[in-house]
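A.B. asks: Predicted structure and sequence below. I'll ask about it afterward.
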Amino acid sequence: MKKLFAVISVFALVALAAAPIAASDAKEQTWKDVSVTDHMCFDKVKDAPDKHSKECMLKCEKSGYGIIAGEGKDKKFVEFDANGSKLTVEALKACKKTDGLKATVVGEMGANVIKVKSIKFAD
């Protein structure tokens, strides 16, 4: 039993030591011409994101933002971190378009969350 505990302890320590290394290995990526939506409206707009209005996205700010990823029935919501949602609100307010919004997002993909460094909607 002591040997089993020792082996488990060693694996746990190795996993903990490797965690910061894996997190720092994240690479910055750029997603161009992507549809951004709020979490609350994802199911309603995932098949027609161009019809989702800037006004609606701003009203649903508290639900958080992310991108629509995938094709057909495999579409999913990939959320932004808290800073990404804050940056999205700023970018939406600066954008002149009111619908058909596409964005360029720069950030790092983590555990199903994009750590956003910048976002800009095309005018």
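C.D. replies: Noted; the coordinates are in hand. Every value quoted in this text rests on a predicted model; they were computed, and no experiment measured them.

A.B. asks: Distance-wise, check D99 relative to A48.
C.D. replies: Per Cβ to Cβ, to the nearest Å, D99 is found 10 Å from A48. For glycine as for every other residue, the C-beta is placed from the backbone atoms N, C-alpha and C.

A.B. asks: Tell me who's in contact with Y65.
C.D. replies: Y65 is in contact with 36-39, 57, 79-80, 84-85, 88, counting by Cβ atoms under 8 Å, 6 or more residues apart in numbering.

A.B. asks: and it, bridged to which residues?
C.D. replies: Counting by DSSP bridges, Y65 forms beta bridges with D38.

A.B. asks: which residues of this structure fall in strands?
C.D. replies: Taking DSSP state E as the test, the strands found in the chain are 28-34, 36-38, 65-69, 76-80, 103-109, 113-121.

A.B. asks: how about JSON lines for those, with distance to A94 added?
C.D. replies: What follows is the strands of the chain, written out as JSON lines (distance: least, Cβ to Cβ, whole Å):
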{"stretch": "strand 28-34", "distance to A94": "17"}
{"stretch": "strand 36-38", "distance to A94": "14"}
{"stretch": "strand 65-69", "distance to A94": "15"}
{"stretch": "strand 76-80", "distance to A94": "17"}
{"stretch": "strand 103-109", "distance to A94": "12"}
{"stretch": "strand 113-121", "distance to A94": "8"}
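
A.B. asks: Format the ones you listed as JSON lines; extra columns: distance to C95 and mean pLDDT.
C.D. replies: Output for these, formatted as JSON lines (distance: least, Cβ to Cβ, whole Å; pLDDT from 0 to 100):
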{"stretch": "strand 28-34", "distance to C95": "14", "mean pLDDT": "96"}
{"stretch": "strand 36-38", "distance to C95": "10", "mean pLDDT": "97"}
{"stretch": "strand 65-69", "distance to C95": "13", "mean pLDDT": "96"}
{"stretch": "strand 76-80", "distance to C95": "16", "mean pLDDT": "97"}
{"stretch": "strand 103-109", "distance to C95": "9", "mean pLDDT": "97"}
{"stretch": "strand 113-121", "distance to C95": "4", "mean pLDDT": "97"}
